[in-house]
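**Student:** here is my input; please provide its structure:
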Amino acid sequence: MYDVIVVGARCAGSPLAMLLARKGYRVLVLDRAAFPKDTVSTHYVQPSGLARLRRWGLLDRLTATGCPPISQAVWRFGDDLSVRGFAPPFDGVATALAPRRTVLDALLVDAAREAGAEVRERCTVRSLLWDDAGRVTGVRYHCRGREHTVRAPLVVGADGRNSLVARETGARKYHERPPLTVVYYAYWRGLPEQRRHLNEVFLMGDKQIGVIPTHDDACLVQVARPHSFYPTYRTDIEGHYHKAIAEAAPALAREMADGAERVDRFRGTADLGNFYRTPYGPGWALVGDAGYHKDPLTGQGISDAWRDAELLADAVDRVESGAEEWEPALAGYERARNAASELIYEFTCEAAGFDLDPMTRQLVRVVATHREDADRFFGMIAGSVPAEDFFAPDNLLAMLGRLPADALAELTGTKGIR
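**Tutor:** I've put the predicted structure just below:
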């Protein structure tokens, strides 16, 4: 009955299903949730992600939900060092958005259905089906009190970092880094109006604070601590959350105390491993967090899921149309995914590790005092400045050359040499 079964209907699965259905493929999507349903997320969608959403004809629909456009960013490194700016436009998109997942995921599910995909909610996939040659041929799932089986030539795991599809196929992890942070967050209403278009990040010692505007005049305020702090954090989430904000962002703490209201419960996780997985094998593929996951500090997850959904849809179409064989097409998907993400992956892991190396600290000093460099820094994070251009040796040398002479001498070890 189906050409493709997609396990998971959120930010990777529904766009993939939509794109394949638009190409004429028969797609079934299974998800255990009933939408709209919330999930742990920091919501941020980079301009590069919004440009894809516009190309798919969905950006106007999202902006109509009232999510405030983000056009300013501040990253604070200690009390006396702040980087202010914003990313250059990406394909004409000059803002970011941070929609609630109750809004965004339901919109994507609707778009998949409108394209012709069949989306079945409240359906939990139990296991994969295999043939005698070791090829995945379908899934076994539970829905409305009954067990079902359904078959297709391709099963795609879009089921998150703890993917059942990845686990059952033994998809190999590589470039792995241990979890670096534990994150808890809540939504606050009544913060100053100037926060409605501002993404602010505080990187102070062993604390990371993020403030992101979202739907319903609220801001998501998250507090990340080193992963080793998790056992302590969970003994008193609210207390440790407020203590970290008071120490790392006292002005924000005063704003929250001066009439702001928490409008929902605390959410969070310590399950934030950093890894790539081999994203394909006989009869199966992975997309989104199932295939590649990193710390949420730089806000890449949703935009990356949409990029990889496009890459995988194109690879599958090349195979099904006879333009390319399975192995080279899917190997090309993996290479393209890795090439587009590897530098920002390394930067995210370093920045989330609470201990920047000396050269990175000096580069931060440069971008803090030169607005053009600051905009390019945020553009590197947002995808509008290629990471390979930002981290190119010539560009790094040019940036370091803008350091004061004493700072450059200290970095190069020539201080005091005549």
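**Student:** name the element P88 belongs to?
**Tutor:** P88 belongs to no helix or strand when assigned by DSSP states H and E.
**Student:** that one touches S384, doesn't it?
**Tutor:** Yes: if you go by C-beta atoms under 8 Å, P88 and S384 touch, sitting 4.8 Å apart. Yep, even glycine has a C-beta here, placed from its N, CA and C like the rest.
**Student:** skip ahead from the helix or strand encompassing V29 and say which helix or strand is next.
**Tutor:** Assigned by DSSP H and E, V29 belongs to strand 27-30. Sequence order places helix 47-55 as the next helix or strand after strand 27-30, per DSSP H and E.
**Student:** what mean pLDDT does that following helix have?
**Tutor:** The average pLDDT within helix 47-55 is 97.
**Student:** stretch 381-391 now?
**Tutor:** Computed over stretch 381-391, the mean pLDDT rounds to 93.
**Student:** send the alpha carbons of that stretch over as PDB?
**Tutor:** This file holds the C-alpha atoms of stretch 381-391, laid out as PDB (Å, rounded to 0.1, in the frame of the first residue of the first chain):
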ATOM      1  CA  ILE A 381      25.200  30.000  13.800                       C
ATOM      2  CA  ALA A 382      22.100  30.900  11.700                       C
ATOM      3  CA  GLY A 383      23.400  29.300   8.500                       C
ATOM      4  CA  SER A 384      23.500  32.600   6.500                       C
ATOM      5  CA  VAL A 385      27.300  32.700   6.700                       C
ATOM      6  CA  PRO A 386      28.900  29.400   5.700                       C
ATOM      7  CA  ALA A 387      30.700  27.900   8.700                       C
ATOM      8  CA  GLU A 388      33.700  27.000   6.500                       C
ATOM      9  CA  ASP A 389      34.000  30.700   5.500                       C
ATOM     10  CA  PHE A 390      33.800  31.900   9.100                       C
ATOM     11  CA  PHE A 391      36.300  29.400  10.300                       C
END
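**Student:** in that stretch, what counts as buried?
**Tutor:** 381-385, 387, 390 (16 or more other C-beta atoms under 10 Å).
**Student:** centre-most residue in the protein?
**Tutor:** Centroid check for the chain by C-alpha atoms, centre = their mean gives G301 as the closest residue, at 1.3 Å.
**Student:** could I get the pLDDT score of the nearest residue to D295 once chain neighbours are set aside?
**Tutor:** The shortest distance from D295 to any non-neighbouring residue, by C-beta to C-beta, 6 or more residues apart in numbering, is to A352 (3.9 Å). A352 is assigned a predicted lDDT (pLDDT) of 92.
**Student:** restricted to strands, list the buried residues of stretch 381-391.
**Tutor:** Using DSSP state E to define strands, no part of these is located there.
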